[in-house]
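Task: produce atomic coordinates for the following.
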Amino acid sequence: RSLGISDGSQLLVETAELPRGTFAKLQPLSEEFATLEDPKGTLEHAISGVYTTLTKGDSIVISHNGQELELFVVELQPAD
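Numbering: from 1, shown residues only. As a prediction, the model looks like this:
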């Protein structure tokens, strides 16, 4: 969403190799998510190709049928 830096500030960017994730535990921050017909499929479709990495403690927003649904990243495997 925002890097928290000002225009003209220097920013150092480095690459890193990350292990491929096999498990993500996400907590919906609204009750609308539970009313979806296929929550797992909707989530997989919504984040595929959009979020290349996840970080424990972050929140992500997915769009579905005109709604924005926010989810909290609780746990990741193989590593947090």
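
just the strands in this structure please.
Assigned by DSSP state E, the strands in the chain fall at 23-28, 59-64, 67-77.

which residues touch the last one?
By Cβ atoms under 8 Å, 6 or more residues apart in numbering, the list of residues contacting strand 67-77 from outside reads 21-30, 32-33, 43, 54-63. In short, each C-beta sits where N, CA and C put it, glycine included.

So what's the gap between it and the chain middle?
How far strand 67-77 lies from its chain's middle: 6 Å, per Cα atoms, centre = their mean, to the nearest Å.

Just checking: what are the partner strands of that strand?
strand 23-28 (antiparallel), strand 59-64 (antiparallel) (DSSP bridges).

list the buried ones in stretch 24-37?
24, 26, 28, 33, 36 (16 or more other Cβ atoms under 10 Å).

Mind putting the strands paired with strand 67-77 into a markdown table with distance to Val74 and mean pLDDT?
Output for the strands paired with strand 67-77, formatted as a markdown table (distance: least, Cβ to Cβ, whole Å; pLDDT from 0 to 100):
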| stretch | distance to Val74 | mean pLDDT |
| --- | --- | --- |
| strand 23-28 | 4 | 92 |
| strand 59-64 | 10 | 90 |
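
need those strands in a markdown table with distance to Glu75, can you?
Formatted as a markdown table, these follow (distance: least, Cβ to Cβ, whole Å):
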| stretch | distance to Glu75 |
| --- | --- |
| strand 23-28 | 4 |
| strand 59-64 | 14 |
